[in-house]
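> Predicted coordinates and the sequence they were generated for:
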Amino acid sequence: MHDRRQIIRAAIAAPLACALPGWARAATPPTDDVAMARFIAGLPKAEFHVHLEGTLEAEMKFALAKRNNLSLPYADVEAMKRSYIYHDLPSFLKIYYDGMQVLLTEQDFYDLAYGYLSKAASQNVLYAEMFFDPQEHLKRGVPIEAVIGGITRARADAAKTLGIQSQLILCFMRDLSAASAMEALDAALPYKDKLVGVGLDSDEKGNPPEKFAEHFAKARAAGLHVTMHCDVNQENTLGNIRTALVDLKAERIDHGGNIVQSPELVALAKSLGIPFTVCPTFSGKVMDDGQPINALREMLDAGLKVSVNSDDPAYMGSEYITEVLVRAQKDSALTPAELVRIERNAFETAWIPAEQRDGYLARLDAYAQSWDLTA
Ligand code: HPA
Ligand code: ZN
């Protein structure tokens, strides 16, 4: 007899529902866990909040360490995975930055990016905008050409071989100096045609968005889009969201769940049409008067343009977008129509040309209709 979790896993792994002949497709919206898992697996998806270095699986870390003649302080993959224990943003970041020390060559960055893109494509992600943290690599003497070059080559191969389209967002590490971020931006600007935007990540405490006002202005003048992390439950969290939206004119907010505590900021974000990239695995719970509230549920109910994303899947139980959505569906009681709405929000707010967007939206509409849902 099959265990229910096994059946759900099999449904996730099954051939995509949109690839099934018409007679084999579900004609009604999913009503049980198994159908829901199948529905989510086949849903055409976009992902905007995924740190490439956060997709560095332990297996690949061992392989790259071997190739680069580095030793790792773990006996094996399992021991390494057991060390991924964190309880807040700084303790997570320590593990995350330690992990990326094995990335040294253009081929390493190619393998990292191609690995993520093949996983994403296998989960029906049609389009991804991926973060990377160049400062951490420049610090180790890795040239920017190796970082951007390897990722760009992987993007091109993945588009050709797997059909997944992607773009790249350079993140400033907010806990390093403003000068270090400017050096990274200056090093990357000759490759700006390989980038779609800039972002802001790492430890928010003591590093408000205005520290990088000049960097964002310069990037924008170079034709790049601008997004920023506003991690949940940070010091002056609402103040930082306000600064990002009002003073720095962020086009998108990564995480940003605490906004639901301010009706005024919610109204502002809605009037500006700002999208929010929510990562339920990492930033799902906003603390409100000492009580956790479900950020995704509250943001959807507030009418914000929310997408769902995997953030750093290699450090979050190797749960990629389909698993994240399956879990979010349960935790946030998402209806099939809301799942379609989430992906619609994503495609609508992607930094892509209108024709590409229309193609994705048409695929999403056709998929929703095949389940008897209107998109
Ligand atoms: N927040 C801040 N910095 C990060 C994150 C995040 O979610 N992931 C990787 N670096
Ligand atoms: Zn993030």
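That came in fine, so what should we check first? Ligands and ions are numbered 1, 2, ... in the order given.

> Would you check that A181 makes contact with C171?
No - using CB atoms under 8 Å, A181 makes no contact with C171, being 9.3 Å away. (Each C-beta comes from the backbone N, C-alpha and C, glycine too.)

> Of the two, which one has the most company?
C171 (26 against 23; other CB atoms under 10 Å).

> Let me know the secondary structure of the more buried one.
Secondary structure assignment for C171 (DSSP: H, G, I helix; E, B strand; the rest coil): strand.

> Pretty sure it sits against D201.
Yes - applying CB under 8 Å as the test, C171 and D201 come out as touching, 4.4 Å apart.

> so what's in contact with these two at the same time?
Here C171 and D201 have 51, 131, 133, 229 as joint contacts, going by CB atoms under 8 Å, 6 or more residues apart in numbering.

> and ligand 1, which of those residues reach it?
On the criterion CB under 6 Å from any ligand atom, 51, 229 are the entries of the shared contacts of C171 and D201 that sit beside ligand 1.

> With distance to N68 added, can I get the shared contacts of C171 and D201 in CSV?
Shown next, in CSV, are those (distance: CB to CB, whole Å):
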residue, distance to N68
H51, 21
F131, 23
D133, 18
H229, 29
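
> Out of the shared contacts of C171 and D201, which sit inside strands?
Residues of the shared contacts of C171 and D201 located in strands (DSSP state E): 51, 131, 229.

> Doesn't R357 lie inside a helix?
Yes - counting by three-state DSSP, R357 is part of a helix.

> which residues touch it?
Going by CB under 8 Å, 6+ apart, R357 touches 347-348, 350.

> Return a ChimeraX selection command for the buried portion of the residues you listed.
This is how ChimeraX selects the buried members of the contacts of R357, with burial counted by 16 or more other CB atoms under 10 Å:
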select :347,348,350
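
> quick check, nearest of the contacts of R357 to L185?
Closest approach to L185 among the contacts of R357 (CB to CB): A350, at 22.9 Å.

> Tell me, what's the model's pLDDT at the closest one?
At A350, the model reports a pLDDT of 98.

> distance of it from K305?
12 Å (CB to CB, to the nearest Å).

> ok, what's across the strand from whichever residue of the chain sits closest to ligand 1?
At 3.6 Å from ligand 1, D201 is the closest residue in the chain, using CB to the nearest ligand atom. On the basis of DSSP bridges, D201 is bridged to M173.

> Quick check: closest non-adjacent residue to E53.
Using CB to CB, 6 or more residues apart in numbering and skipping the chain neighbours, the partner closest in space to E53 is M100 (4.5 Å).

> how many neighbours does the one you found have?
M100: 21 surrounding residues under other CB under 10 Å.

> and what of the one 4 residues further on?
Residue crowding around L104 was assessed by other CB under 10 Å; the count is 19.

> Provide a list of residues in contact with the closest residue to it other than its chain neighbours.
Leaving aside its sequence neighbours, L104 sits nearest to N68 (CB to CB, 6+ apart; 5.1 Å). Residues near N68 by CB under 8 Å, 6+ apart: 102, 104-105, 108.

> filter these to the buried ones?
The buried subset of the contacts of N68 (16+ other CB under 10 Å) comprises 102, 104-105, 108.

> Export those residues as a markdown table, with columns for distance to N294, pLDDT and secondary structure.
Below are these laid out as a markdown table (distance: CB to CB, whole Å; pLDDT from 0 to 100; DSSP: H, G, I helix; E, B strand; the rest coil):
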| residue | distance to N294 | pLDDT | secondary structure |
| --- | --- | --- | --- |
| V102 | 36 | 98 | helix |
| L104 | 41 | 98 | coil |
| T105 | 42 | 98 | coil |
| D108 | 38 | 98 | helix |
